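Chemist: Give me a 3D structure for the following:
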Amino acid sequence: MYDVKDDIKPVVDLLPILEMNSWVEGFTIFKEYGDSRKIGKLIQDKYDDLPVEKKREYQNLRKLPKVLEKSSKAFGFTAIDFYVKSLNDVVNVSKNLEPIPSSLKAMEFLIKEIENSSKTFQDISKNWEKQLKLAEIYFEKNRYSQSLTALRESLITFVLEETGMDWENKDLREKKLGKLLSDNPETFPNELFVLMDQIKEFRNKPSHGFIDSNSSEGELNQSIDKLKQYIQKASQILHSNPDLTKVKKALNNVLNS
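Modeler: All right, here's what the predicted structure looks like:
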């Protein structure tokens, strides 16, 4: 501090300010985009800096960066079911944390945010509802392609889960239900069929990176608006309990043929 009038000029350690900026950045990335890798790395670095005898006292803290990384990877890859489970793992580790050392007080904000995220799925029992909720979360975090994937999967899961079928059966999801939609659309409630057909068509350009001589920024903005409308429409239709009696009968016929 050269502006001090005394002969002895004190040295001010500004590293805590730089470190605080890193925590703010890590928390912002997690909050805005669901990516917890940076904040997990900060926690890991802090743990590594602890004296050996102190590390033994913080075994759950040692686990936290690893479960955060798993959750982040699941979210980044649209691994829907695994993401919901990994959130619970993060919460369980967080709840059993030892008293947080003073060097990691900034982590308290992260823990509260993770607990809030996990509560989003806490009272949802249906798998299609979890997937639809995740489509909304991806949209809010500007992850539009992943939002579209989760939305499509939620519709497929809805049909299978609500008709008592094995909604995790890959052959049933990708082949048999698709064939039924193509060959016998009349078995589906009209609104539901139209929405599923629209989303199937809508996926084409995003899936191919909007690589088209006619693509434009305007079309990109329209696609974002359209996706938002489809999510709202899906929530409206699925929560109205459409009659799937014909679909169930047709799927049973397919399975027994």
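Chemist: which residue is nearest the centroid of this protein?
Modeler: With distances taken as Cα atoms, centre = their mean, the residue of the chain nearest its centroid is Phe75 (4.4 Å).
Chemist: Wait, that one touches Tyr83, no?
Modeler: Yes: between Phe75 and Tyr83 there is a contact under Cβ atoms under 8 Å: 5.1 Å. C-beta: built from backbone N, CA, C; applies to glycine.
Chemist: so where is this structure shaky, pLDDT-wise?
Modeler: Scanning the chain for pLDDT under 70 picks out 103, 205-216.
Chemist: quick one, strands of it?
Modeler: Taking DSSP state E, the chain contains no strands at all.
Chemist: how near is the closest residue to Ile39 other than its chain neighbours to Leu251?
Modeler: Computed as Cβ to Cβ, 6 or more residues apart in numbering, the closest residue to Ile39 that is not its neighbour in sequence is Gly26, at 3.6 Å. Gly26 is 46 Å from Leu251, where distance means Cβ to Cβ, to the nearest Å.
Chemist: Do you have the helices of the stretch 1-150 of the chain handy? List them.
Modeler: Using DSSP state H, counting those that start in this stretch, the helices of the stretch 1-150 of the chain run over 15-33, 37-49, 52-55, 59-76, 80-95, 107-122, 127-140, 144-162.
Chemist: Give the burial count for the closest residue to Asp89 other than its chain neighbours, as a bare number.
Modeler: The shortest distance from Asp89 to any non-neighbouring residue, by Cβ to Cβ, 6+ apart, is to Val67 (4.8 Å). Neighbour count of Val67, defined by other Cβ atoms under 10 Å: 21.
Chemist: Next: Pro189.
Modeler: So Pro189, with other Cβ under 10 Å, has 17 neighbours.
Chemist: pretty sure it contacts Asn241?
Modeler: No: using Cβ under 8 Å, Pro189 is not in contact with Asn241, being 10.0 Å away.
Chemist: returning to what we had before: ok, which of the helices of the stretch 1-150 of the chain comes nearest Lys5?
Modeler: Evaluated over the helices of the stretch 1-150 of the chain, closeness to Lys5 peaks at helix 15-33, with 24.3 Å, by Cβ to Cβ.
Chemist: Please report phi then psi for Asp6.
Modeler: When read as degrees, to the nearest 10, the backbone of Asp6 gives phi -60, psi 160.
Chemist: any idea how far it lies from Val12?
Modeler: 14 Å.
Chemist: distance of Leu68 from Lys248?
Modeler: Distance from Leu68 to Lys248, by Cβ to Cβ: 41 Å.
Chemist: quick one: which of those two has more around it?
Modeler: Neighbour comparison, Leu68 and Lys248: the larger count goes to Leu68, with 27 against 17 (by other Cβ under 10 Å).
Chemist: Give me the contacts around stretch 27-41.
Modeler: For stretch 27-41, contacts defined as Cβ atoms under 8 Å, 6 or more residues apart in numbering pick out 22-23, 25-26, 64-66, 68-69, 71-72, 75-76, 106, 109-110, 113, 137, 141-143.
Chemist: are any of those buried, and which?
Modeler: Neighbour counting by 16 or more other Cβ atoms under 10 Å classes 23, 26, 64-65, 68-69, 71-72, 75, 106, 110, 137, 141, 143 among those as buried.
Chemist: Switch those over to JSON lines; also include distance to Thr163.
Modeler: Listed next are the buried ones among the contacts of stretch 27-41 as JSON lines, based on distance: Cβ to Cβ, whole Å:
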{"residue": "Trp23", "distance to Thr163": "48"}
{"residue": "Gly26", "distance to Thr163": "44"}
{"residue": "Leu64", "distance to Thr163": "40"}
{"residue": "Pro65", "distance to Thr163": "42"}
{"residue": "Leu68", "distance to Thr163": "37"}
{"residue": "Glu69", "distance to Thr163": "37"}
{"residue": "Ser71", "distance to Thr163": "31"}
{"residue": "Ser72", "distance to Thr163": "34"}
{"residue": "Phe75", "distance to Thr163": "29"}
{"residue": "Ala106", "distance to Thr163": "48"}
{"residue": "Leu110", "distance to Thr163": "41"}
{"residue": "Ile137", "distance to Thr163": "26"}
{"residue": "Lys141", "distance to Thr163": "32"}
{"residue": "Arg143", "distance to Thr163": "30"}
